Every structure is written in C-alpha cells, then in structure tokens.
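Undergrad: Pasted the sequence and its predicted model underneath.
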Number of protein chains: 2
Amino acid sequence: MTDDDRFELFAYWRTSATYRVRVAFNLKGVPRRETNVDIDAGEQHAEAFRRINPLGGIPALIDHAPGQSHVPLTQSLAILEFIDEMYPQPPLLPADAHGRARVRSIAQMLAADTHPLITPRVRKYLAANAGFDADAWRAWQIQWFGTGLRAVEQRLASEPGTGRFCHGDQPTMADICLASIFAVMRVFKVDFDDIPTAKRVMVECERLEAFAAAAPARQAGAPAL
Amino acid sequence: MTDDDRFELFAYWRTSATYRVRVAFNLKGVPRRETNVDIDAGEQHAEAFRRINPLGGIPALIDHAPGQSHVPLTQSLAILEFIDEMYPQPPLLPADAHGRARVRSIAQMLAADTHPLITPRVRKYLAANAGFDADAWRAWQIQWFGTGLRAVEQRLASEPGTGRFCHGDQPTMADICLASIFAVMRVFKVDFDDIPTAKRVMVECERLEAFAAAAPARQAGAPAL
C-alpha cells in the first residue's frame, strides 16, 4: 500500500461536509482517494454504501492502514479533528485554549447550527409533510443560511481574534466551515449583501489552492458550467 | 476572586446544550456559577443578555480569570473541548485518534445533526411559515429525535468500541450528548422503544452524580413536578 491508498474518502462533488474534509487534506498535503457516492441518485441509501456507513451519510473516511481495522469515520468536524491530530502541520486550530474554543465555536455555528437544517432529508420531510414547494424550500434555505452567516459576521466584525482569516492570519477549521457554506450557497445560487467581513475572509480562502481545488465545480461529477 | 467565581455559565434549566456543559463541569469537579437566562420568556433576546452574547444563544461561558479578557465562549461542543483542555482529568475523550474521532462523531450526530432541528427558532419559523401546530411540531420532534437516536443505536449496537458507555467504560463527550438528548426528550415526553443500547448506556450515565445533578428537573427555575 502506498500513502496514496491509505485514506478512502466517500464523497460527492457538491456537498458542504465533503468539501470541508477535502480542504483539510489539501491544507495538510495528505493524499486520499475519493469514491463517489451520488446522493442526488440516492446511492447513500443503497446496500453497497450501507455496508460502508450504515447511516447512509457522507463524508465517510476509511483508514486502510495496514494491520489495523477501523470503523469508518463520519461527521465532518470529527474528521477534521482527526486529520489535525494525525498530521499536525499546518495546524487547523490555534495554540491557546481560548482561541481553540473560538475557532470551534464559529465552526459549529456553521456546521452544526446552520448546515443540518439545509440537508436533503429535511427537504424531503418538509415536502412530504408541510407541502414545501421549490419557493418555500428556497425561503427556508435563505432563512437559515442568513441566520448563521449574519451571526458569524457579527462575531468576525466585532471580536479581536479576527485577522486575515476568521481567527488570526492562518486558515483554521472556522474558515473551512465558512467556505463550505459559501460553496453550497453558490451551488444553490443564494447570496447576501450584509456579510462583508465573512466575504473578505472568503476571498482570502479562495486565494489558497487548498480551498480552490476543493470547489464543487472542480470535482469529478460536477455538471458542466 | 475564588475558584468558584472564575467561570460564569449563562444557562437555563431545561436546555440540552446547557445540560452538556453542566455535566462536563461536574465530571471534572470544577465549580462554576450559573446565571439564569429564561429562554421561555425570551430573555436571550433582551438587551442585557445581548451584551453578553450578541447571538442570543445559551450556553455562554465567561472566563473571569484575573488579568485576562476573553470573549464569551459559545457552542456547547466547543465549550466541552475547552473544559477538557483546561482540566484534563478525567478525560472526556479517549487517548487514541481513531477513538477520539468515533466519540466526536457520535457527539455530533446528536448535538449537530439532531438537536439544531428541535430548537425554538425552528419551531417559531415553522409555526409562522408552514402552519405548524402542536401536533405537527410533535411529529417533527419525533422524526428528528428518532432519526438521530436510531442512527446512534445502530453504531452502539454494532461497533466494537462500545463498552459500558458509548466508547469504552468511562463517560465521554458522546455520553454527555446522548444524555442531553434524553434529558430534553423527557421534558417533551418523547420516548422510543427500539434503542435498547442507547438506553442501557443512559442508565450507566444516570448512576453517576455528575449526570444526575445536571438533570433539568433538579435545576433552579424548573417547574415543580
């Protein structure tokens, strides 16, 4: 087994959570191979993938390290912490406990308080049980993307920890989560005018090839523009 | 300042996220004082609390360490990681990276993929925009509590990492999050028959005074039974 074969990432071109893991691997310079799970076609619920992750969710990461047997890793923030522990440089968290708490908090405002509301399973439930059509779903997306991003904007604009990036001058888990939300907002053509600090940070992220190379439009399976 | 005055936790008797932080402090034996924010009365949106946390969310934790100035810490999982870093014993995460990833993943299945769907702000939106009455909200609660808990049940019942607790024989962040979901399900009188492993772990948690003392019914402000 070469290093290129150690990590197998079950992924899909456009999902926010997959994007986060991709950026983290890119920032660390760690290779991984991606196995595509077409969630628009429901492949996450198919028997073949259920053997990988009984929960039917992506991303899932399998560590094929020789001589070891590990259950698949799931949940993007848990995977980011894992990658950061296995490959400490460059760090995805600052060195001090208060700074780490601030970065994790911003990351969770986006990955935990915002993104889970905008998932296919929620859309399916609202369509079936609350009569949500495309317009109602779009209003729902705008409500929760907007709530999460404006809350983050208020912190970034007012707290002294903010630098070129969400926290200081190096990208952290907070930037990865912020960029992941922007990435899916672009797929869904949602935008906001009143989050200038978040957008400034996003520009910094996009200057880094680790982020740019993770963009949904650059992945295998993405529709032609 | 005594140790008792260092940490100020803005809290409410019944919320799942507050419960998690309370258990973590209890397990570490670290004192904190609680300042009540009555979210049923909307105090989290009042000017007085907005000066503490502009986002209007609890829990928020202020570290009043002398000679330092810190922004309030928010997001329960970020606060748990902070407490675990500041007070390493007993640990809230296992020692190996794969185990830590498993614990964080289970914690996030509950705190990130389940709980954010059942919050007052979501209820308010669905009532105003989708005509959700009490029955529709209850069906929604059951849908997402059930989805999250059954997914966790499948992992606990099938993965070798499970022990007396979610991971091994000591309580971790995963148990704190699992117990926090049970705690609010009791408040809302929601129950499930098909999650025996999760319930077995819950019994282990409740044997520990750190968990029992954090129960909503034992907090100031809780209604008489």
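TA: All right, it came through fine. Residues are numbered from 1 along each chain as shown, chains lettered A, B, ... in the order given.
Undergrad: from here on, contacts and neighbour counts on C-alpha atoms
TA: Fine.
Undergrad: and the closest residue to residue A:167 other than its chain neighbours, what does it touch?
TA: With C-alpha to C-alpha, 6 or more residues apart in numbering or on different chains as the criterion, residue A:167 has its nearest non-adjacent residue at 5.3 Å, and that residue is residue A:161. The contact partners of residue A:161, by C-alpha atoms under 8 Å, 6 or more residues apart in numbering or on different chains, come to A:99, A:167-168.
Undergrad: if we go to 10 Å?
TA: If you count contacts by C-alpha atoms under 10 Å, 6 or more residues apart in numbering or on different chains, residue A:161 has them with A:99, A:102-103, A:155, A:167-169, B:70-71.
Undergrad: Next step: those restricted to helices.
TA: A:99, A:102-103, A:155 (DSSP state H).
Undergrad: Pull the most distant pair out of the residues you listed.
TA: For the ones in helices among the contacts of residue A:161, the maximum inter-member distance is 13.3 Å, found between A:99 and A:155 (C-alpha to C-alpha).
Undergrad: Common neighbours of those two, please.
TA: A:161, B:71.
Undergrad: rewinding a little: CSV for the contacts of residue A:161, including neighbour count, distance to residue A:17 and pLDDT?
TA: Listed next are those as CSV, based on neighbours: other C-alpha atoms under 10 Å in any protein chain shown; distance: C-alpha to C-alpha, whole Å; pLDDT from 0 to 100:
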residue, neighbour count, distance to residue A:17, pLDDT
A:99, 19, 23, 97
A:102, 29, 20, 97
A:103, 24, 17, 98
A:155, 22, 22, 94
A:167, 25, 21, 98
A:168, 14, 23, 98
A:169, 12, 24, 98
B:70, 15, 30, 87
B:71, 18, 28, 89
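Undergrad: Show me which of those is closest to residue B:207.
TA: The closest of the contacts of residue A:161, once distances to residue B:207 are taken by C-alpha to C-alpha, is residue A:102, at 32.9 Å.
Undergrad: That closest one touches residue B:78, doesn't it?
TA: Yes - using C-alpha atoms under 10 Å, residue A:102 is in contact with residue B:78, at 7.6 Å.
Undergrad: what's the overlap in contacts for the two?
TA: Common neighbours of residue A:102 and residue B:78 (C-alpha under 10 Å, 6+ apart) are residue A:108.
Undergrad: To what extent is the closest residue to chain B within chain A buried, counted in neighbours?
TA: At 4.3 Å from chain B, residue A:112 is the closest residue in chain A, using C-alpha to the nearest C-alpha. By the criterion of other C-alpha atoms under 10 Å in any protein chain shown, residue A:112 has 27 neighbours.
Undergrad: From the geometric centre of chain A, which residue sits farthest away?
TA: Here the centre of chain A is the reference, and by C-alpha atoms, centre = their mean the most remote residue is residue A:67, at 30.1 Å.
Undergrad: anything in stretch A:141-150 near chain B?
TA: Yes - looking at stretch A:141-150 against chain B by C-alpha under 10 Å from any C-alpha of the partner chain, the contacts come from A:143-144, A:147-148, A:150.
Undergrad: tell me the phi and psi of the nearest residue to residue A:87 once chain neighbours are set aside?
TA: Excluding its sequence neighbours, the residue lying closest to residue A:87 (C-alpha to C-alpha, 6+ apart) is residue A:28, at 6.7 Å. In terms of degrees, to the nearest 10, the main-chain angles of residue A:28 are phi -80, psi -10.
Undergrad: Contact partners for the residue nearest to residue A:52 when sequence neighbours are not counted?
TA: Leaving aside its sequence neighbours, residue A:52 sits nearest to residue A:72 (C-alpha to C-alpha, 6+ apart; 7.0 Å). Residues in contact with residue A:72 (C-alpha under 10 Å, 6+ apart) are A:8-10, A:52-54, A:59-64, B:98, B:101-102.
Undergrad: same deal with residue A:106?
TA: Listed by C-alpha under 10 Å, 6+ apart, the contact set of residue A:106 reads A:112-113, A:148, A:151-152, A:155-156, A:166-167, A:173-175, A:177-178, B:74-75, B:78.
Undergrad: what pLDDT does it get?
TA: Residue A:106 is assigned 97 on the pLDDT scale.
Undergrad: Could you tell me the phi and psi values at it?
TA: phi -60, psi -40.
Undergrad: now it: how far from residue A:174?
TA: Counting by C-alpha to C-alpha, to the nearest Å, the gap from residue A:106 to residue A:174 is 6 Å.
Undergrad: And for residue A:11?
TA: 21 Å.
Undergrad: swap in residue A:198?
TA: Distance from residue A:198 to residue A:174, by C-alpha to C-alpha: 11 Å.
Undergrad: Which residue of those two possesses the greater neighbour count?
TA: residue A:174 (26 against 23).
Undergrad: Might you report the residue contacts of the residue of chain A closest to chain B?
TA: Per C-alpha under 10 Å, 6+ apart, neighbours of residue A:112: A:77, A:105-106, A:148, A:177, B:75, B:77, B:108-117.
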